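Novice: return atomic coordinates for the entry below.
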Amino acid sequence: METFAEPQAVTDRLVEVAPLSEKIVAMSQADDGTWVLSFADGTIVLMEWANKPERVVLTSPLGHPPKNRAEELFALCLSFSALSRESCGARIGLGGEEGELMLIRELHHDTAGGWDLLPVLEHFAYVASWWQGVIAEPAQDSEAHTQGDMSGMLLRA
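Specialist: All right, here's what the predicted structure looks like:
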């Protein structure tokens with residue numbers, strides 16, 4: 001169980017745990033408090049230190065919703081975001097001028113019970129990859145995919 005109260009502690013722990021993962025293939029520090037993680041399946045996770053309150057914010061781009069599926073995908077994302085208590089605070093938002101969907105989760109350093117960095121990162125990337133697949137599906141195939149079990153997406157996203 002880990003808690004982090006400053007960016008350097010996160011950097012130190014990332015340097016320790018990233019080599020232990022077969023899923024993390026690259027890691028770079030963009031600045032003091034921002035890290036970019038690349039996963040074997042192509043998923044990118046951005047970790048950013050944020051203040052007031054102090055926390056780490058994970059984000060991952062999910063893709064742009066196709067115009068012919070935008071309403072369906074927005075409704076699905078809103079439903080997922082409404083279940084943020086079940087997904088440990090994960091939610092989906094619309095980011096940037098281009099309107100790309102983003103998976104977001106905040107990790108507070110003082111969270112009761114703490115959190116283990118490597119499993120949290122790997123599962124967050126897994127959930128992001130799953131959503132990327134849903135967003136990229138053609139309209140006729142999306143219903144079958146989204147009717148599957150989403151329970152795995154809710155736990156520790």
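
Novice: help me confirm that residue 14 is found in a strand?
Specialist: No: assigned with DSSP: H, G, I helix; E, B strand; the rest coil, residue 14 falls outside any strand and is helix.

Novice: got a pLDDT number for it?
Specialist: Residue-level confidence at residue 14 comes out at 88, pLDDT.

Novice: quick one: it from residue 81, how far?
Specialist: 27 Å (C-beta to C-beta, to the nearest Å). Backbone N, C-alpha and C define where each C-beta goes, glycine included.

Novice: swap in residue 10?
Specialist: Taking C-beta to C-beta as the measure, residue 10 falls 25 Å from residue 81.

Novice: do the same with residue 46
Specialist: Distance of residue 46 to residue 81, computed by C-beta to C-beta: 19 Å.

Novice: check residue 43 too.
Specialist: Taking C-beta to C-beta as the measure, residue 43 falls 19 Å from residue 81.

Novice: okay, helices next: where are they in the chain?
Specialist: Chain-ordered helices for the chain, with DSSP state H as the definition, fall at 7-17, 70-82, 117-136, 139-146, 151-154.

Novice: deepest of those, which one?
Specialist: With neighbours taken as mean count of other C-beta atoms under 10 Å, those reach their highest mean count in helix 117-136, at a mean of 20.

Novice: that one packs against which elements?
Specialist: Helices and strands touching helix 117-136, as assessed by 3 or more C-beta pairs under 8 Å, 6 or more residues apart in numbering; DSSP states H and E, comprise helix 7-17, strand 34-39, strand 44-50, strand 55-63, helix 70-82, strand 100-108, helix 139-146, helix 151-154.

Novice: just the angle for that helix relative to strand 34-39, thanks.
Specialist: Angle of helix 117-136 versus strand 34-39, following axes from the mean of the first three to the mean of the last three C-alpha atoms, to 10 degrees, is 70 degrees.

Novice: pLDDT on helix 117-136, on average?
Specialist: Mean pLDDT, helix 117-136: 93.

Novice: low-confidence ranges in this protein?
Specialist: Along the chain, segments meeting pLDDT under 70 span 1-3, 109-115, 140-157.

Novice: same thing but at 50, please
Specialist: Applying pLDDT under 50 to the chain picks out residues 112, 142, 155-156.

Novice: isn't residue 26 up against residue 37?
Specialist: Yes: if you go by C-beta atoms under 8 Å, residue 26 and residue 37 touch, sitting 7.3 Å apart.

Novice: which one's more surrounded, those two?
Specialist: residue 37 (24 against 11; other C-beta atoms under 10 Å).
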